[in-house]
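Student: Any chance you could fold what I've pasted below:
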Amino acid sequence: MVRDKVFLSEARRHLDQLVEQVRSEGHRILLENGGKPVAALVPPSDLRAIEWLEDWLDGQDALDVLADYRETGGVRWEDIKRDLGQ
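Tutor: Okay, the predicted model is just below:
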């Protein structure tokens, strides 16, 4: 859950304080520009969790592709080249 929203211009002026909030209190700070989110400051543990989840999802995609390959036998290289117009 994002605890704070900060305009990018304000974040530039107070970056050291915002980083300290993230480091010491675990705050998640959403940076906005023109009312739209552009970036976030998050604790390293949150970043590690996001990266772990991305890796897990990539693994699930790979397993799905492998299962599809085993079921259908894959696609011939000649068919791929033909579909790409080569």
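
Student: From residue 68, how far off is the residue located most distally from the centre of the chain?
Tutor: For the chain, the largest distance from the centre (C-alpha atoms, centre = their mean) belongs to residue 78, which lies 35.0 Å off. In this view, residue 78 and residue 68 are 19 Å apart by C-beta to C-beta, to the nearest Å. To be clear about C-beta, it is placed using only N, CA and C from the backbone, and glycine gets the same treatment.

Student: Can you show me the helices along the protein?
Tutor: All helices of the chain, identified by DSSP state H, fall at 8-13, 15-25, 44-72, 77-83.

Student: Below-threshold pLDDT in the protein: ranges please.
Tutor: 1-2 (pLDDT under 70).

Student: Domain-wise, how is it divided?
Tutor: Domain ranges of the chain: 4-42, 45-77, per automatic domain parsing.

Student: Buried deepest among these, which one?
Tutor: domain 4-42 (a mean of 13; mean count of other C-beta atoms under 10 Å).

Student: End to end on that domain, go ahead and measure it.
Tutor: Length of domain 4-42, first residue to last, C-alpha to C-alpha, to the nearest Å: 11 Å.

Student: Ok, stretch 66-84 next?
Tutor: In stretch 66-84, first residue to last residue: 22 Å (C-alpha to C-alpha).

Student: Show residues contacting that stretch.
Tutor: Residues outside stretch 66-84 that contact it (C-beta atoms under 8 Å, 6 or more residues apart in numbering): none are found.

Student: what about it, distance to the chain center?
Tutor: Relative to its chain's centre, stretch 66-84 lies at 29 Å (C-alpha atoms, centre = their mean, to the nearest Å).

Student: try stretch 30-40
Tutor: Here stretch 30-40 is found 16 Å from its chain centre; the criterion is C-alpha atoms, centre = their mean.

Student: Would you mind writing the CA trace of it as CSV?
Tutor: Taking Å, rounded to 0.1, in the frame of the first residue of the first chain, the C-alpha atoms of stretch 30-40 are listed here in CSV:
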residue,chain,number,x,y,z
LEU,A,30,4.6,7.3,-5.2
LEU,A,31,6.2,10.1,-7.3
GLU,A,32,3.7,12.0,-9.5
ASN,A,33,4.2,14.4,-12.4
GLY,A,34,1.2,16.2,-13.8
GLY,A,35,-1.1,14.1,-11.5
LYS,A,36,0.2,10.9,-13.0
PRO,A,37,2.4,8.3,-11.3
VAL,A,38,5.9,8.2,-12.8
ALA,A,39,8.0,6.3,-10.3
ALA,A,40,8.1,5.0,-6.8
